[in-house]
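>>> sequence unknown, structure follows:
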């Protein structure tokens, strides 16, 4: 039993122990180009949260890691099979209920560790401001290493590109789909160009329909990914 992993802990331990910090990871179930598994974001959330909590516990932090919420907001991918959606309002209610559970257990510091770009949860922090005794923090883990990204990767990664594929190669390579010649079963991840100049320049934004934006759900070139890059990412 790792006492900082709630899924492995028992009531013998928790009835006599009060945690100070809780980490609650969020993932998603969605297609990731042709080569990465549907639960890529869940696997990433599990791995990142376990490593940071293990490191914090080793330094004396009284931390508990909650099980990852596997489902996220998938309204952009509604036309793609088995992209399992929680509407933003539903996801916010899930966060509110779980924060209340943690608060009743005496936890006063809660980190929402997000692994999916569609999970825009800052609104729920604003809604709970002043309504909870706990301090809430939101971390999109994939933004932490922005300053180091160009030192590791050659291509930007919006979805299932070089970064995510490198992560998968490093930590769950057995789930990567390959062609008979060993190459990645992925397209080039080139998105369609918006017709409107205001969209291209970032003056306005819309909900992106991924069945029109992408060929196979990928946005980002995956074919220069390596396991070594994935390990370097984790060590940032």
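Here it is on my side, so go on. Since the model is a prediction, treat every value here as computed from it, not as a measurement.

>>> next secondary structure element downstream of the helix or strand containing residue 43?
Using DSSP states H and E, residue 43 sits in helix 40-58. Next along the chain after helix 40-58, taking DSSP H and E as the criterion, comes strand 63-65.

>>> need the contact partners of that next one.
4-6, 9, 19-23, 25, 49-50, 53, 56-57, 107 (Cβ atoms under 8 Å, 6 or more residues apart in numbering). Any C-beta I mention is one placed from the backbone N, CA and C, and that applies to glycine too.

>>> then stretch 177-191?
33-36, 158-161, 165, 176, 213-216, 218-223, 225.

>>> mind listing which of these are in strands?
Residues of the contacts of stretch 177-191 located in strands (DSSP state E): 158-159, 219-220.

>>> what's the closest of the residues you listed to residue 15?
The shortest approach to residue 15 among the ones in strands among the contacts of stretch 177-191 belongs to residue 159, at 42.8 Å (Cβ to Cβ).

>>> by neighbours, which of the contacts of strand 63-65 wins?
residue 25 (28 neighbours; other Cβ atoms under 10 Å).

>>> and the angle from whichever helix or strand that residue is part of to helix 40-58?
Using DSSP H and E, residue 25 sits in strand 21-26. Per axes from the mean of the first three to the mean of the last three Cα atoms, to 10 degrees, the angle that strand 21-26 makes with helix 40-58 is 170 degrees.

>>> touching, residue 198 and residue 204? I think so.
Yes: taking Cβ atoms under 8 Å as the definition, residue 198 is a contact partner of residue 204 at 4.7 Å.

>>> hey, what's the nearest residue to residue 66 once chain neighbours are set aside bridged with?
Residue nearest to residue 66 in three dimensions, not counting chain neighbours: residue 24, with 4.7 Å by Cβ to Cβ, 6 or more residues apart in numbering. For residue 24, the beta-bridge partners are residue 112 (DSSP bridges).

>>> sounds good, over and out.
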